[in-house]
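Peer 1: can you look at this prediction? I've put the sequence above it.
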Amino acid sequence: MIKVGINGYGTIGKRVADAVALQPDMEVVGVAKTRPNFEAETAVEKGYPLYAAIEERLPRFEEAGIEVAGGVEELVEAADVVVDACPSGIGAENKAMYEAYDTPALYQGGESADLVDVSFNARANYSEAADADHVRVVSCNTTGLSRLLAPLQETYGVKKARVTLVRRGGDPGQTGRGPINDILPNPVTLPSHHGPDVNTIFPDLNIDTLGMKVPATLMHTHSVNVQLEEVPTAEAVRDLLAGESRLFLVPERFDIDGAGKLKEYAMDRGRPRGDIWENCVWEESVSVEDDDLYLFQAIHQESDVVPENVDAVRAVLGAADADESIERTNDALGVGL
Ligand SMILES: NC(=O)C1=CN([C@@H]2O[C@H](COP(=O)(O)OP(=O)(O)OC[C@H]3O[C@@H](n4cnc5c(N)ncnc54)[C@H](OP(=O)(O)O)[C@@H]3O)[C@@H](O)[C@H]2O)C=CC1
Ligand SMILES: O=C(OP(=O)(O)O)[C@H](O)COP(=O)(O)O
């Protein structure tokens, strides 16, 4: 069994912990947090050993009556690999600790690409993470773009991709974020970080990205235009995308018009926390005009990187090849809507 430690048990970390616990070849050796809040209590109830991410705060957990297994360094020592799901920038501060214990670390998209040996997406570049000590699972939006662009690039060739990302203002639990009554170009200058981030996975791909932020919490939405080298029919593109295990082509007959109904569908399907691990591509939006492909896709920011983190665990340890790992992860989680 691969021993996985999770440092940072918030939006991403708690989902990764639950996904790891479902894998037949992995176990959660512990999770780390800084505060004894509701998530700390839930972690203990789920049976995950809880470690104090800031060791001096250990007494706070004891005062709150929450059992703590130790300080985070003990977790790092006990783990075969650590998933760092701390807030942006904290992963960089933690790097020296992972190196001191010779424990490979997986970081999240809020960290800089320069921090790591490899930026990772299971569909696009799984094998590049083999034996790496520091790997970054790219951000939710970059993950969504990589999953979409990989089959298009392989099958037709991409001349140029242009994407406008309409980003949610914050996650549902992030009550202090916004905007609450505005639409913001964000960033106002080109490119948003997503284009350069896609290039950490596909170095030669020609891509421009623009970002906006809107008063929504449920999902991000991408307006995508990809100019292709070879021109397929829209039907052929739909078939290609339908064959990808982490792309969900939203059928017209479902009458799903946005993120609200997508989340409702996920909850109806019994998804934990209403999570949607797949890109949601509106089937009837897939259109080809001359050599331009157009489509809309929605990305569930809280969960699309979760299967990618699970695959990255196997990738760094050489525990499976890409196809085996993706299939194992998908089966254990129930990926596929
Ligand atoms: N949320 C999203 O939509 C997505 C986020 N990401 C990326 O994932 C990473 C984590 O984001 P997210 O899960 O949203 O963040 P959260 O704020 O939800 O969770 C962060 C967790 O890290 C803990 N933490 C805080 N400070 C420290 C510290 N100094 N040492 C160790 N742990 C600490 C927090 O514990 P406590 O609460 O106890 O302080 C909390 O458990 C970021 O890089 C982000 O960019 C990637 C894709 C999507
Ligand atoms: O990885 C994410 O988005 P991103 O791909 O736009 O960086 C997450 O939704 C976090 O975004 P945030 O930096 O707005 O919290």
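Peer 2: That came through fine. All values reported here derive from a predicted model rather than from experimental measurement. Ligands and ions are numbered 1, 2, ... in the order given.
Peer 1: what residues does the chain put near ligand 1?
Peer 2: Proximity of the chain to ligand 1 (Cβ under 6 Å from any ligand atom) is limited to residues 7-13, 32-35, 37, 53-54, 85-88, 90, 108-111, 139-140, 171, 301-302, 305. To be clear about C-beta, it is placed using only N, CA and C from the backbone, and glycine gets the same treatment.
Peer 1: can you flag the buried ones in those residues?
Peer 2: Buried members of these, scored by 16 or more other Cβ atoms under 10 Å, are 7-13, 32-34, 53, 85-86, 90, 108-111, 139-140, 301-302, 305.
Peer 1: which ones among those come in contact with ligand 2?
Peer 2: Gly109, Ser139, Cys140, Gln301.
Peer 1: now render those as a markdown table, adding pLDDT and secondary structure.
Peer 2: Output for these, formatted as a markdown table (pLDDT from 0 to 100; DSSP: H, G, I helix; E, B strand; the rest coil):
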| residue | pLDDT | secondary structure |
| --- | --- | --- |
| Gly109 | 98 | coil |
| Ser139 | 98 | coil |
| Cys140 | 98 | helix |
| Gln301 | 98 | coil |
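Peer 1: dump those residues to CSV, plus distance to Asn94.
Peer 2: Shown next, in CSV, are these (distance: Cβ to Cβ, whole Å):
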residue, distance to Asn94
Gly109, 16
Ser139, 18
Cys140, 21
Gln301, 22
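Peer 1: pull the most distant pair out of those.
Peer 2: For those, the farthest-apart pair by Cβ to Cβ is Gly109 and Gln301; their separation is 10.0 Å.
Peer 1: need the overlap of contacts for those two.
Peer 2: Taking Cβ atoms under 8 Å, 6 or more residues apart in numbering as the criterion, Gly109 and Gln301 both touch Cys140.
Peer 1: show me the helices in this protein, by range?
Peer 2: 11-22, 38-45, 58-63, 72-78, 90-100, 122-125, 140-155, 194-201, 234-242, 259-268, 306-317, 322-333 (DSSP state H).
Peer 1: tell me how far the fifth one is from the chain's mean position?
Peer 2: Spelled out, it's helix 90-100. 20 Å (Cα atoms, centre = their mean, to the nearest Å).
Peer 1: repeat that for the second one.
Peer 2: Relative to the centre of its chain, helix 38-45 is centred 22 Å away, using Cα atoms, centre = their mean.
Peer 1: ok, stretch 274-291 next?
Peer 2: With Cα atoms, centre = their mean, you get 18 Å for stretch 274-291.
Peer 1: ends of it, what's the gap?
Peer 2: 37 Å (Cα to Cα, to the nearest Å).
Peer 1: okay, buried residues for it please.
Peer 2: Here stretch 274-291 shows 274-283, 285-286, 288 as buried, counting by 16+ other Cβ under 10 Å.
Peer 1: same deal with stretch 59-79?
Peer 2: Buried, per 16+ other Cβ under 10 Å, within stretch 59-79: 60-61, 66, 68-72, 74-76, 78-79.
Peer 1: restrict stretch 231-243 to CA atoms and write it as CSV.
Peer 2: This file holds the C-alpha atoms of stretch 231-243, laid out as CSV (Å, rounded to 0.1, in the frame of the first residue of the first chain):
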residue,chain,number,x,y,z
VAL,A,231,-10.4,20.0,-40.3
PRO,A,232,-12.9,17.4,-38.9
THR,A,233,-16.6,17.5,-38.8
ALA,A,234,-18.3,18.6,-35.6
GLU,A,235,-19.6,15.1,-35.3
ALA,A,236,-16.1,13.6,-35.5
VAL,A,237,-15.0,16.0,-32.7
ARG,A,238,-17.9,15.0,-30.5
ASP,A,239,-17.0,11.3,-31.0
LEU,A,240,-13.4,12.0,-30.2
LEU,A,241,-14.2,13.9,-27.0
ALA,A,242,-16.9,11.3,-26.0
GLY,A,243,-14.1,8.7,-25.9
